[in-house]
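Participant: sequence first, predicted coordinates after that:
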Amino acid sequence: MRPDLCLQNAGRRYGLRGPWVLRGVDLTVAPGRLVRVEGANGTGKSTLLRLLAGIDAPSEGRITGRPRTAYVPERFPPALPFTAVGYLTHLGAVHGLTRTAAARAAGEWLERLGAAAYAGTPMARLSKGTSQKIAVAQALLAEPELLVLDEAWTGLDTDARAELERAVAERTAAGGSVVFVDHDPRRLAGLPDATYAVRDGSLVPCAAPGSGPSGPHVTVVAQGPPDGRLPEDAHRAVASAEETTPGTYRLAVPASRSDVLLRALLTARPPWHVVSVEQRADTPGSPR
Ligand SMILES: Nc1ncnc2c1ncn2[C@@H]1O[C@H](COP(=O)(O)OP(=O)(O)OP(=O)(O)O)[C@@H](O)[C@H]1O
């Protein structure tokens with residue numbers, strides 16, 4: 001099992017005597033977790049994400065347990081001497097894929113993000129929106145264990161935005177961690193396992209709306225293989241789980257996370273059988 005990514009008492013300032021942008025930051029990101037980072041402009045969100053992504057080092061404190069990481073920066077350098085597919089294939093190879101696998105993954109991601117028509121276009125001639133699709137594709141190509149997204153949705157069209165949301169859900173369902181910043185508070189609403197705000201150089205935990213015990217819940221009854229244990233991703237998504245008969249579970253999940261639960265059940269090997277799905281306005285365990 002892969003270790004948690006841990007930031008311990010991390011601080012960052014620019015220049016020897018520059019003001020501290022971040023100080024005393026402790027953060028743990030476990031495998032499979034989705035973490036949102038918020039904060040006003042210029043508070044240090046990008047600084048934090050660069051530390052997590054490993055493209056910058058803390059001025060004090062330390063980071064341990066960083067897995068195979070990919071990063072979509074806030075600003076992507078587009079003027080590179082490659083075509084879109086050439087760049088992605090090159091990046092895939094840098095991430096450890098064979099050239100054939102890298103070329104295949106590049107083609108698949110260009111297709112998924114609606115940029116296949118630009119595969120042969122030089123990077124310098126791409127529009128801002130298509131460049132952003134390449135920035136996203138390069139991070140998703142090699143199925144990273146940690147995906148760090150700094151306003152990665154900005155500049156994408158509606159379909160590509162939805163595709164990136166799907167990709168995030170796929171990564172976490174596969175046990176990857178995702179840390180993201182986005183100016184739209186509705187982005188992946190209800191899905192983050194934790195939300196933090198960067199404020200006055202510190203990282204402050206926030207209550208994630210929709211992830212708490214209150215609000216509408218969905219009750220899912222599902223049957224697994226004989227002696228089946230609930231898949232780990234499903235376990236993480238649910239608010240409560242009761243094994244009613246061996247291998248049959250009644251699961252209560254916040255409505256905002258029901259997609260994640262159903263996907264985890266249906267993509268488990270062997271897959272689970274979903275017997276019923278029922279929406280309830282009350283909270284699990286509360287009187288009907
Ligand atoms: N490379 C750098 N050199 C010097 N100062 C920097 C550097 N990068 C960031 N800063 C400063 O650190 C502070 C935090 O910047 P950062 O970009 O991390 O904030 P942010 O919350 O991501 O901002 P925004 O929401 O505007 O993207 C700012 O005062 C910024 O000017």
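Facilitator: Looks like it arrived, so ask away.
Participant: from here on, contacts and neighbour counts on C-alpha atoms
Facilitator: Fine.
Participant: which residues does stretch 191-207 contact?
Facilitator: Under the criterion Cα atoms under 8 Å, 6 or more residues apart in numbering, residues 20-26, 33-40, 43-45, 208, 210-211, 256-257 lie in contact with stretch 191-207.
Participant: just the ones of those residues in strands?
Facilitator: Using DSSP state E, the subset of the contacts of stretch 191-207 located in strands is 20-26, 34-38.
Participant: following the chain onward from the top helix by length along the chain, which element is next?
Facilitator: In terms of residue count, the longest helix belonging to the chain (DSSP state H) is helix 158-173. Note on helix 158-173: by DSSP states H and E, the next helix or strand toward the C-terminus is strand 177-181.
Participant: now do that following strand against helix 158-173, angle only.
Facilitator: With axes from the mean of the first three to the mean of the last three Cα atoms, to 10 degrees applied, the angle from strand 177-181 to helix 158-173 works out at 140 degrees.
Participant: is there proximity between the helix or strand just after strand 177-181 and the ligand?
Facilitator: Using DSSP H and E, the next helix or strand after strand 177-181 towards the C-terminus is strand 194-199. No - using Cα under 6 Å from any ligand atom, strand 194-199 stays clear of the ligand, with a minimum separation of 7.5 Å.
Participant: show me what secondary structure element comes after strand 194-199.
Facilitator: strand 202-206.
Participant: pLDDT averaged over that following strand - what is it?
Facilitator: Mean per-residue pLDDT for strand 202-206: 91.
Participant: wondering if that strand reaches the ligand at all.
Facilitator: No - Strand 202-206 stays clear of the ligand (Cα under 6 Å from any ligand atom), getting no nearer than 11.6 Å.
Participant: note down every partner strand of that strand and its orientation.
Facilitator: Note on strand 202-206: by DSSP bridges, its sheet partners are strand 194-199 (antiparallel).
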